[in-house]
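Q: Mind folding the following:
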Amino acid sequence: MRILIVKLSALGDVIQTLPVLKALKSARPHVEIHWVVEPPAQQILEGHPLLDRLLVFPRRQIIKEKNWGLLRDFGRSLRAFSYDVVLDLQGLLKSALVVAAARARLRVGFANHREGSPFFYNLKLPPYDPDLHAVRRYLLALEVLGVRASAPVFTFPPLPDPKELFSRYGLQGPVAVFIPRARWESKLWREDGWQELCRKFEAKGLTPVLVGAKGDLPYLIRLKANTQAQILAGLRLTELASLLKGARVIVTVDTGPMHLAAALGKPVVALFGPTAPWRTGPFGRGHQILGRKSPCSPCFRKVCAEKSCLNRLEAEEVWEACQKLINGPV
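A: Numbers count the residues shown, from 1 in each chain. Just a heads-up that it's a prediction; the model follows:
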């Protein structure tokens, strides 16, 4: 049997889909698994031991450059194999079009997927509970194949040695990784909170490391002001995973690398405001979820003038949550 998984983006969603690989291979050792993904999330799937083939769909490049040759090449690579089953775990129009192009015998997705995507399925799964955590939702889709996973297992391709990565970037001593950026402005904690938290870690002999994309560098430089924090911007995802593996604790807003840290089994202090941690929080036990109750939370708004759910959160509260994880088993 050959199965195609369609999970294009974003990083957090791709990370939360990883247990599907382990569940499929454990229940059906001889199944051949292919996956369609978009850049840059491909980096966390390249060389994955449970994947037989990775197809990269350069959708944004095609649209930006109007490069129809790239689209034609992707279509040819997609149709180079015939599929018994294609699983749409994205549930949007862009993924449904990939599902249609794959020409599989069974085209599977949830009946309450969005943007008209169920129109392209010939096997519609019952609507999922929107309050079900994304990790469990993706595994639920496997039941149509008779596959049930008792406990989600995250597996990764080979990652760089944290010691080698620490040496390369000159990181000294135990480190705490801070992930302060997200696509939504409403998910961001105030800058002085991060700065105060940096100083609290420094006073205890732990090095704060601020991470983000290359475009986040000006923001990270502002956070570093009056602290001894180090900045690492623009790491490859495999390098970021290695850094997270070597950290004592991770403090993060609701963003893709948060899911990467949790999937690696690291202790996470997650700052949540406009989104729902029971749906998309760090998966697993022992993590600390912080935020302030607000009548409007979760609002799922990308921009908010008040952000009382996050701005009223004090650095001392975050520090205390970090101490609980640092002093416990890691």
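Q: which residues in this structure form helices?
A: Assigned helices in the chain, in chain order: 11-27, 59-65, 68-78, 93-102, 134-140, 162-168, 191-203, 217-224, 237-245, 256-263, 277-280, 308-311, 315-327 (criterion: DSSP state H).
Q: Any idea how many residues pack against residue 167?
A: 11 (other CB atoms under 10 Å). Every residue, glycine included, has its C-beta placed from N, CA and C.
Q: meant to ask about residue 147
A: The tally of other residues near residue 147 (other CB under 10 Å) stands at 17.
Q: and it, what does it touch?
A: Applying CB atoms under 8 Å, 6 or more residues apart in numbering, we find residue 147 in contact with 23-24, 27-28.
Q: Just send those back as a markdown table, with neighbour count too.
A: Listed next are the contacts of residue 147 as a markdown table, based on neighbours: other CB atoms under 10 Å:
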| residue | neighbour count |
| --- | --- |
| 23 | 21 |
| 24 | 22 |
| 27 | 14 |
| 28 | 16 |
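Q: and which of those residues is nearest residue 246?
A: The closest of those to residue 246 turns out to be residue 23 (CB to CB; 28.2 Å).
Q: What's the separation between the closest one and residue 265?
A: Taking CB to CB, to the nearest Å as the criterion, residue 23 is separated from residue 265 by 18 Å.
Q: Show the average pLDDT along stretch 157-170.
A: Mean per-residue pLDDT for stretch 157-170: 94.
Q: Can you measure across that stretch, start residue to end residue?
A: 25 Å (CA to CA, to the nearest Å).
Q: buried residues in that stretch?
A: In terms of neighbour count (16 or more other CB atoms under 10 Å), stretch 157-170 has its buried residues at 159-160, 162, 165-166.
Q: Go ahead and name everything in contact with that stretch.
A: For stretch 157-170, the surrounding residues in contact (CB under 8 Å, 6+ apart) are 44-49, 171, 175, 230, 232, 238-239, 241-243, 245-246.
Q: Quick one: residues contacting the nearest residue to residue 173 once chain neighbours are set aside.
A: Among residues not flanking residue 173 along the chain, residue 207 sits closest, at 5.6 Å (CB to CB, 6 or more residues apart in numbering). The contact partners of residue 207, taken as CB under 8 Å, 6+ apart, are 171-176, 201, 228-230.
Q: Residue 31 against residue 5, yeah?
A: No. With contact defined as CB atoms under 8 Å, residue 31 and residue 5 do not form a contacting pair (11.2 Å).
Q: Which one of these two is surrounded by more residues?
A: Neighbours were counted for residue 31 and for residue 5 using other CB under 10 Å; residue 5 has more, 24 against 17.
Q: closest to residue 138 among the contacts of residue 207?
A: residue 176 (30.1 Å).
Q: what's the neighbour count on that closest one?
A: 23.
Q: Can you name the residues bridging to it?
A: Beta bridges link residue 176 to residue 208, residue 249 when assigned by DSSP bridges.
Q: hmm, back to that, biggest separation within the contacts of residue 147, which pair?
A: Maximum distance among the contacts of residue 147 (CB to CB): 9.3 Å, for 23 and 28.
Q: Show the pLDDT at the residue nearest to residue 173.
A: Residue 207 carries a pLDDT value of 95.
Q: Tell me how far it lies from residue 260.
A: Distance, residue 207 to residue 260, using CB to CB: 20 Å.
Q: Kindly report the same for residue 122.
A: 34 Å.
Q: In terms of neighbours, single out the busier of those two.
A: Set residue 122 next to residue 260 and count neighbours by other CB under 10 Å: residue 260 wins out with 29 against 11.
Q: need the contact list for residue 11.
A: Counting by CB under 8 Å, 6+ apart, residue 11 touches 40-41, 44, 237, 256-257, 259-260.
Q: Tell me how far it lies from residue 313.
A: With distances taken as CB to CB, residue 11 is found 24 Å from residue 313.
Q: Same check on residue 136?
A: Separation of residue 136 from residue 313 (CB to CB): 28 Å.
Q: Those two: who's more crowded?
A: residue 313 (20 against 15).
Q: Am I right that the more buried one is in contact with residue 289?
A: No. Shown here, residue 313 and residue 289 do not form a contact pair, counting by CB under 8 Å, at 11.3 Å.
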